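**Student:** Take this sequence and fold it.
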Amino acid sequence: MTFKLRPYQDEIIAQARAHLRDVPRVLIQAPTGAGKTALTASMLGTAASRGHRSFFICHRAELIEQAASTFAQVGISYGIIAAGARPDPLAPVQIASIDTLKNRLDKVRAPALVVWDECHHVAAAGWTRVMDAYPSAKHVGLTATPWRLDGTGLGQHFSRMVRGPSVRWLIENGFLSPYRAFAPSHPDLGNVHSRAGDYIQTELAEVMGASAIVGDAVSHYRRLAAGKRAVAFCVSVKHSQHVAQEFRSAGFVAHHLDGATPRDERRAALAAFRAGQIQVLCNVDLFGEGFDLPAIEAAILLRPTKSLSLYLQQVGRALRTFPGKQHALILDHANNIATHGLPDDDRDWTLADREKRKKAKDGDDEPHFAIKQCPKCFATHRPAPVCSACGHVYEQTGRKVEEVDGELHEVDPAMVRRAKMEEQSKARGLDDLIKLAQKRGYKNPAAWAGHIMTARMARGRAA
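**Tutor:** Sure, this is the predicted structure:
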């Protein structure tokens, strides 16, 4: 192997191996940008060095190409099981398309280890058929969001879960980019129905394709992110094409891509985007799961969704670090932040089903995160007396507070975070951390405290 894992990645693999001694199926939850491709390369490379045959299963052509590039860079010999690919059945590692493998189960030799990319899809019939075809193998699932679209957990398919670091921890430690979030549009979804746990796309496209919303997306890109490389997540092909055209009409270089775009055209567009020659890429279901393009500086959300998983996959595209990127921008024209919270909110991932939220009076899901939105600049942030983006001072509501002389200073988010980290560092043991989590009102104090202790031990081993 020619690359070195980060300390927390070493810890994730160590935990997964310990669980695999007891059970055959383990899920690894790690946020977008935590380095799941590196985890995969390490696990498959180690298996190959020990003479074990292994599969890495993907569900899109781009992810197969991405994995092949990484494996080649680190010296892993691989074959590809996919339509149109030239097979190499003797290679110790096989990168497999799920759509191809499920039809060739009787033609390929069984593996000892199977690593599943984006394993929250495993409940689909084809995925389950492949998993059940290899009962003697060890199975490792990888996902940032271990729930299906409808909130169903993956406990039926995996026995144990290893939790990676949180998005907030990765940002604070420099592994992900800081971000600024703005929500200038609030689409009216009152007449949009749901199917299979999410909005019906045909009805959604009509709402999100309205000229007011698309125009708002263009104008706020011009104001907040002009010239930055942005990816717009759209509802449909027609919607994406329309958005791209509106950006071009406003003088920006924009391009539409979708699953039917010829591969050579996609590659050329991505190369131009990396080079800064294309400013806005509009897409439908192409740059979500597993797609690695750190050059993305802004995510433009134009697709409302009830799926927390889809939302986190989309915003996670912009959180990768990249030379010269000071922070990522999230322009939420879909009201997804109000529905699902900020990207780095604490979330209690488990293999169990997601807890159902209460219904609001209008029948939609009630937002369950405290989010403040500035009426002046449309920035969204955690509750504070002053907007962290523009300095706007919020009008006081509720109990009247006695006025005192003195200057009002802008709230510094970095200072607040440092104070929290100092308070956290004074909590020496697990019990102290649990008490601190209870004081802060965290949803699962024991899980949070355990995660912090794991991170501390990993840093200690790396020192």
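**Student:** If we go by neighbour counts, what in the top helix by length along the chain is buried?
**Tutor:** The residue-count maximum for a helix in the chain (DSSP state H) belongs to helix 445-462. Buried positions in helix 445-462, judged by neighbour count with 16 or more other CB atoms under 10 Å: 445, 447, 448, 449, 451, 452, 454, 455, 458. For the C-beta atoms, the positions are set from N, CA and C on the backbone; glycine is no exception.
**Student:** wait, doesn't the fourth one sit right on residue 434?
**Tutor:** Yes: in this structure residue 449 lies within contact range of residue 434 using CB atoms under 8 Å: 4.6 Å.
**Student:** where does the stretch 1-150 of the chain dip in pLDDT?
**Tutor:** 1-3, 149 (pLDDT under 70).
**Student:** Show me the helices in it, by range?
**Tutor:** Remark: helices assigned in the stretch 1-150 of the chain by DSSP state H, counting those that start in this stretch are 7-20, 36-49, 61-73, 98-101, 125-133.
**Student:** right, so of the ones you listed, which gets closest to residue 206?
**Tutor:** Closest to residue 206 of these, according to CB to CB: helix 61-73, at 29.0 Å.
**Student:** Figure out the helix or strand that the residue nearest the centre of the chain lives in.
**Tutor:** Geometric centre of the chain, nearest residue: residue 313, 3.2 Å, by CA atoms, centre = their mean. Applying DSSP states H and E as the criterion places residue 313 in helix 308-316.
**Student:** Tell me the helix or strand right after that helix.
**Tutor:** That would be, after helix 308-316 and using DSSP H and E, strand 328-332.
**Student:** Which strands border that following strand, and is each parallel or antiparallel?
**Tutor:** strand 179-182 (parallel), strand 298-301 (parallel) (DSSP bridges).
**Student:** tell me how far it is from the chain's mean position?
**Tutor:** Taking CA atoms, centre = their mean, to the nearest Å, the mean C-alpha location of strand 328-332 is offset from the chain mean by 14 Å.
**Student:** which residues are contacting it?
**Tutor:** Counting contacts by CB atoms under 8 Å, 6 or more residues apart in numbering, the residues outside strand 328-332 that touch it are 177-185, 217, 220-221, 224-225, 228, 230, 296-301, 315, 318-319, 337, 343, 380.
**Student:** Distance check, the residue nearest to the centre of the chain against residue 299.
**Tutor:** 10 Å (CB to CB, to the nearest Å).
**Student:** what mean pLDDT does the helix or strand hosting residue 231 have?
**Tutor:** Under the criterion of DSSP H and E, residue 231 resides in strand 230-233. For strand 230-233, the mean per-residue pLDDT is 96.
**Student:** How about that strand, which residues are buried there?
**Tutor:** Buried residues in strand 230-233, counted by 16+ other CB under 10 Å: 230, 231, 232, 233.
**Student:** Can you spell out which residues form a bridge with the first one?
**Tutor:** In other words, residue 230. residue 280, residue 298.
**Student:** right, and it touches residue 221 too?
**Tutor:** Yes: here residue 230 reaches residue 221: they are 6.3 Å apart, a contact under CB under 8 Å.
**Student:** list residues touching both of the two?
**Tutor:** With CB under 8 Å, 6+ apart as the test, residue 230 and residue 221 both reach 280, 298, 300, 331.
**Student:** Any of the residues you listed buried? List them.
**Tutor:** Buried among the shared contacts of residue 230 and residue 221 (16+ other CB under 10 Å): 280, 298, 300, 331.
**Student:** Pull out the CA atoms of the helix or strand where residue 438 lies and give them to me as CSV.
**Tutor:** Element membership for residue 438, per DSSP H and E: helix 430-440. Output of helix 430-440 as CSV, limited to C-alpha atoms (Å, rounded to 0.1, in the frame of the first residue of the first chain):
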residue,chain,number,x,y,z
LEU,A,430,-16.5,9.1,30.0
ASP,A,431,-18.7,10.1,32.9
ASP,A,432,-17.7,13.7,32.7
LEU,A,433,-18.4,13.8,29.0
ILE,A,434,-21.8,12.2,29.5
LYS,A,435,-22.6,14.9,32.1
LEU,A,436,-21.5,17.6,29.7
ALA,A,437,-23.7,16.2,26.9
GLN,A,438,-26.7,16.1,29.3
LYS,A,439,-26.0,19.8,30.2
ARG,A,440,-25.9,20.7,26.6
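**Student:** what packs against it?
**Tutor:** For helix 430-440, the packing partners by 3 or more CB pairs under 8 Å, 6 or more residues apart in numbering; DSSP states H and E come out as helix 413-425, helix 445-462.
**Student:** tell me the pLDDT at residue 310?
**Tutor:** On the pLDDT scale, residue 310 gets 88.
**Student:** Give the burial count for residue 240, as a bare number.
**Tutor:** Residues within reach of residue 240, counting by other CB atoms under 10 Å, total 27.
**Student:** same check, this time on residue 156
**Tutor:** Residue 156 - counted by other CB under 10 Å - has 11 other residues nearby.
**Student:** how near is the nearest residue to it once chain neighbours are set aside to residue 142?
**Tutor:** The shortest distance from residue 156 to any non-neighbouring residue, by CB to CB, 6 or more residues apart in numbering, is to residue 123 (7.4 Å). According to CB to CB, residue 123 stands 15 Å off from residue 142.
**Student:** more crowded one of those two?
**Tutor:** Using other CB under 10 Å as the criterion, residue 123 and residue 142 rank with residue 142 on top: 25 against 17.
**Student:** circling back to that earlier point, pull out the CA atoms of the strand holding residue 231 and give them to me as PDB.
**Tutor:** Provided in PDB are the C-alpha atoms of strand 230-233 (Å, rounded to 0.1, in the frame of the first residue of the first chain):
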ATOM      1  CA  ALA A 230     -21.200  25.500  -8.200                       C
ATOM      2  CA  VAL A 231     -23.300  22.400  -8.600                       C
ATOM      3  CA  ALA A 232     -27.100  22.900  -8.900                       C
ATOM      4  CA  PHE A 233     -29.200  19.900  -7.800                       C
END
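**Student:** Can you tell me the closest non-neighbouring residue to residue 243?
**Tutor:** Nearest to residue 243 is residue 282, by CB to CB, 6+ apart, at 4.8 Å.
**Student:** Secondary structure element holding the one you found?
**Tutor:** Per DSSP H and E: residue 282 is located in strand 280-283.
**Student:** Give the other helices and strands that that strand contacts.
**Tutor:** Using 3+ CB pairs under 8 Å, 6+ apart, strand 280-283 is in contact with strand 230-233, helix 237-249, strand 254-257, helix 263-274.
**Student:** Okay, buried residues for it please.
**Tutor:** Judged by neighbour count using 16+ other CB under 10 Å, the buried positions of strand 280-283 are 280, 281, 282, 283.
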